[in-house]
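Colleague: got a structure for you, letters missing:
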């Protein structure tokens, strides 16, 4: 009986997740249509993130250690994992640099 309720709960959660994503995308598109200048900033930011990820994917290795073979890790999955890790490191470093530069700019401005 518990499995029945768990299965129903998971299906409801999936439906709600898809519904939430569709609503979020709908509001995003509506905002882009009404505020084109603001949308351009978002599109540029998304493009920069995409370029960072593509560069990190191109530089990621695809080696698979023998102990990961048991988990069905293929070279493609390994490369994708490496790209995500490299992207996280690059974005962290950029965040620290931008934060420090913003602090210095604020100190100089005052």
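Modeller: Happy to help now that I have it. From a predicted model like this one, the values you see are computed outputs, not experimental measurements.

Colleague: residue boundaries of the helices in this protein?
Modeller: Applying DSSP state H to the chain gives helices spanning 2-34, 36-59, 75-109.

Colleague: quick one, which of these is nearest to residue 66?
Modeller: Closest to residue 66 of those is helix 75-109 (C-beta to C-beta; 12.5 Å). Yep, even glycine has a C-beta here, placed from its N, CA and C like the rest.

Colleague: for the closest one, name the packing helices and strands.
Modeller: Judged by 3 or more C-beta pairs under 8 Å, 6 or more residues apart in numbering; DSSP states H and E, the packing partners of helix 75-109 are helix 36-59.

Colleague: report all helices and strands that the helix it packs on contacts.
Modeller: Helix 36-59 packs on helix 2-34, helix 75-109, going by 3+ C-beta pairs under 8 Å, 6+ apart.

Colleague: dump the ones you listed into JSON lines; add mean pLDDT, distance to residue 66 and mean neighbour count as well.
Modeller: Listed next are these as JSON lines, based on pLDDT from 0 to 100; distance: least, C-beta to C-beta, whole Å; neighbours: other C-beta atoms under 10 Å:
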{"stretch": "helix 2-34", "mean pLDDT": "88", "distance to residue 66": "35", "mean neighbour count": "10"}
{"stretch": "helix 75-109", "mean pLDDT": "94", "distance to residue 66": "13", "mean neighbour count": "12"}
